[in-house]
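Enquirer: Here is a sequence with its predicted model. Questions after.
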Amino acid sequence: MLFIRLEKWLQAPWRVFFLYGLFTLLWAPALVMAPRFWAEDGNVYYLQARAVDAWDALLGMPLGYLSLPANLAGVISAKLPLLYAPYGGFFVSLAIQMGLLWVIMANRYFDGRPLWQGALALIPVVLVQSFETWLNAINSQFWLALAAALVLAAPGGTFTPGRHSVNGLVLILAGLSGPVSAFLAPLFVLRAIHERRWHWGLYALPVSIGALLVIFVAPSGGRVLSFPLDIFALSAAFQLFLNNFCIECARTVWAQAYELQPYADLFLLGVLLVYGGLFVRADRLGRWLLVASFLLLCLSFVGMLGKEGLLGVPTYSNSRYFFVPAALLFAAVLSGYAQGRRWLGGVLLLFVLNGLYFGAEYRVVGEKDGKHWKRSVRAYESGRESVVYFNRPLCAFVPDRKAGALSPPVLSAGTATELVFGVPENIPKDARNIYLFRFTEDEPHVFQKHMGEWQISQLFLTGVPALGHCYGGDIADPVRWAQIQNGQLYVDRSELGPLSGHSYLLGYGENMAAMLAHGSFMRFNGSELAARVPEVDEASDNAASAKRIFSPAEIDGIALDLCAGWGWNCGIPAADAFCKSMGFDFALSYDTRLDTPPTRIISTGELCQEATCDRIASVTCITGGPWGGGD
């Protein structure tokens, strides 16, 4: 009786839109009051809109493909006051997410029954995978790809001019948002042939616009395509199923992901059996949803960034690539339940409960970045900071280039014991942290960091060189064997190791994000430098030092948190503070473990018990030695 009354009350479409919009805003209320720039929304598309005129920014392809929602968000943001700039992406992404319900209602899913239509619209909301796609413009392409897939799978019936208009507009926007939607074009053609209705074939044209632009207009280059079957099998099984039924179970099992690789064939078989079993029992609507889901699952994975490293990160990482396949899969489950397969009700209930738990426990990505943005803008405008942070400490930019800005180092001298670089004499004291990374000629994009010795780092740069860089993947800590004095930057030559066969990135700043924002860094070729400076005297003695490894690193029996303050001064500041508390001068190196609560904040003694708390598992502390340097 209650459902009958509710469905009758929802017959007015504006009520369905109102409830869906309210649920959308309440899912992450912090983003309503303080939106954020997420990933390339800020350091690519916003900076692009600040650098060129609006028309060029709207049609720009800085990442090699046209992303109209991100471009539009950047243009709007660039017109807003700096403090409120993130609202550009917020309104664009909100409109796109609300448009999903419009597609569902226009295509009369579930015979126009609003309660079922609302349930279908809420499936992508409670997906674990939505936490990376939620209310940000760069990932709106996945919401538009989902809308395009729902057009593909829509029930037949009468196609009115209004329905064609809605579908055409959505497919054009999807085609202009990125290459993902273009994967659906063959399925539109297939449905046109199967049902002998010409309009399905015409729908393949607008959804292909993005792919045609990449082929004929976009600059050369692009991501490397590959399909490691074992990683695909494990990722698909976890992302589609275990993550969405029991996220804590998934996190526990995924910790042994490398040990699961020999059994990848079994996971692949399980994925195929689920799709095949559902397909055999599904109606026409459900079958098109499943076909689109599996096709996008495979093709999205082919072009996925960072898939080779998936087994070493949390189970829900890079989930945006699985967002559309997972949403379509559970939409097919909902369709089966609506057709009378009541046993699927238990599957849906478990899915919803897990999604609500995940949404409450893990929240959406960057939810707190909006508050940090406002704080950073105010600090910049008051002169307390020289940059504005998109995401502290990973990403920043300089709104106004002022006289006396930090400039890159310039090599001025080199000996067997040190390299000397010229830098401005008026560098603020808090901007004298020095960052140095090494690369081999064989792997020029793999960062090596020096923490007592050279080792592979997970750090990577993002962004576009002409606009600015940010970094991610690993914490960037300043080196201990370099210092700035009187307009000179001195680097201990012996710590660089063999110059030949390597290149280096060297810079300085308050932190690495500020260094990248100011452009106060340089690259130099080690082989060329080796021909100009004397070889290191291997017989030279380093100063004596006392060193001790603390493993595990604990405070009162609780693991040391990765950050010295709550979400601030992460990495070396926390390790340094720990070493000083143990009677040493500073930390030489440390190892981290992600998502491993509980941890203790060293500056306050607070406990961090959230699922995303990271710890310093071990730390090497040192007194004296060649890494000293003081202030």
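Expert: It's in.
Enquirer: What segments of the stretch 301-450 of the chain are strands?
Expert: In the stretch 301-450 of the chain, the segments counted as strands under DSSP state E, counting those that start in this stretch are 388-391, 395-397, 410-414, 418-422, 433-440, 448-450.
Enquirer: any idea which of the ones you listed is most buried?
Expert: Mean neighbour count (mean count of other C-beta atoms under 10 Å) peaks for strand 395-397 among the strands of the stretch 301-450 of the chain, with a mean of 27. Quick note: C-beta positions are derived from backbone N, CA and C, even for glycine.
Enquirer: I'd like the strands of the stretch 301-450 of the chain laid out as JSON lines, including distance to Gln239 and mean pLDDT.
Expert: Formatted as JSON lines, the strands of the stretch 301-450 of the chain follow (distance: least, C-beta to C-beta, whole Å; pLDDT from 0 to 100):
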{"stretch": "strand 388-391", "distance to Gln239": "24", "mean pLDDT": "90"}
{"stretch": "strand 395-397", "distance to Gln239": "26", "mean pLDDT": "90"}
{"stretch": "strand 410-414", "distance to Gln239": "47", "mean pLDDT": "82"}
{"stretch": "strand 418-422", "distance to Gln239": "46", "mean pLDDT": "86"}
{"stretch": "strand 433-440", "distance to Gln239": "32", "mean pLDDT": "89"}
{"stretch": "strand 448-450", "distance to Gln239": "30", "mean pLDDT": "85"}
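Enquirer: Out of those strands, flag the one nearest Gln117.
Expert: Smallest distance to Gln117 across those (C-beta to C-beta): 36.2 Å, for strand 388-391.
Enquirer: Provide the contact partners of that closest one at residue level.
Expert: With contact meaning C-beta atoms under 8 Å, 6 or more residues apart in numbering, strand 388-391 is reached by 36-37, 42-43, 82, 366, 369, 372-373, 376-377, 380, 395-399, 470, 513.
Enquirer: ditto for stretch 80-98
Expert: 17, 20-21, 24, 31-32, 34-38, 41-42, 46, 69-70, 72-79, 135-137, 139-140, 143-144, 173, 370, 373-374, 377-378, 381, 388, 399.
Enquirer: Sort out which of those residues are buried, if you could.
Expert: 17, 20, 24, 31-32, 34-38, 41-42, 46, 69-70, 72-78, 135-137, 139-140, 143-144, 173, 370, 373-374, 377, 388 (16 or more other C-beta atoms under 10 Å).
Enquirer: Okay, and which of those residues map to strands?
Expert: Under the assignment DSSP state E, those contribute Val388 to strands.
Enquirer: among the buried ones among the contacts of stretch 80-98, which are in helices?
Expert: 17, 20, 24, 31-32, 69-70, 72-78, 140, 143-144, 173, 370, 373-374, 377 (DSSP state H).
Enquirer: so where's the stretch 351-500 of the chain uncertain?
Expert: Along the stretch 351-500 of the chain, the parts satisfying pLDDT under 70 run over 401-405, 430, 452.
Enquirer: which of the residues in the helix or strand where Gly162 lies are buried?
Expert: Element membership of Gly162, judged by DSSP states H and E, is helix 161-175. The neighbour-count criterion (16+ other C-beta under 10 Å) identifies 163, 166-168, 170-175 as the buried residues of helix 161-175.
Enquirer: which residue ranges form the strands in the stretch 501-631 of the chain?
Expert: Going by DSSP E, counting those that start in this stretch, the stretch 501-631 of the chain shows strands at 502-509, 521-525, 545-550, 554-555, 558-561, 563-565, 568-570, 586-593, 599-600, 607-608, 615-624.
Enquirer: Now do the helix holding Gly162: everything it contacts.
Expert: Residues outside helix 161-175 that contact it (C-beta under 8 Å, 6+ apart): 68-69, 96, 99, 102-103, 106-107, 141, 144-145, 147-148, 151, 154, 181-182, 199, 203, 206-211.
Enquirer: For that helix, give the mean pLDDT please.
Expert: For helix 161-175, mean pLDDT is 92.
Enquirer: Okay, angle between it and helix 68-79 too, please.
Expert: Going by axes from the mean of the first three to the mean of the last three C-alpha atoms, to 10 degrees, helix 161-175 is angled at 80 degrees with respect to helix 68-79.
Enquirer: Skip ahead from helix 161-175 and say which helix or strand is next.
Expert: In N-to-C order, the element after helix 161-175 by DSSP H and E is helix 185-195.
Enquirer: Just the residues contacting that following helix, thanks.
Expert: The contact list for helix 185-195 (C-beta under 8 Å, 6+ apart) reads 152, 156, 197-201, 203-204, 207-208, 211, 288, 291-292, 295.
Enquirer: Kindly recompute the last result at 6 Å.
Expert: Residues outside helix 185-195 that contact it (C-beta atoms under 6 Å, 6 or more residues apart in numbering) are 152, 200-201, 203-204, 207-208.
Enquirer: just stretch 318-325 next, same as before
Expert: With C-beta under 6 Å, 6+ apart as the criterion, stretch 318-325 contacts 129, 132-133, 139, 142, 145-146, 239, 293, 296-297, 300, 304, 306.
Enquirer: quick one: low-confidence ranges for the chain?
Expert: Along the chain, segments meeting pLDDT under 70 span 1-3, 216-224, 401-405, 430, 452, 534-545, 624-631.
Enquirer: State the distance from Arg548 to Leu100.
Expert: Using C-beta to C-beta, to the nearest Å, Arg548 is found at 57 Å from Leu100.
Enquirer: More neighbours: which of these two?
Expert: Neighbours were counted for Arg548 and for Leu100 using other C-beta atoms under 10 Å; Leu100 has more, 24 against 14.
Enquirer: can you pull the contacts of the more buried one?
Expert: Per C-beta under 6 Å, 6+ apart, neighbours of Leu100: 121, 147.
Enquirer: ok, now Glu40?
Expert: Glu40 makes contacts with Ile138, as judged by C-beta under 6 Å, 6+ apart.
Enquirer: Stretch 446-466: how far from the chain's middle?
Expert: 17 Å (C-alpha atoms, centre = their mean, to the nearest Å).
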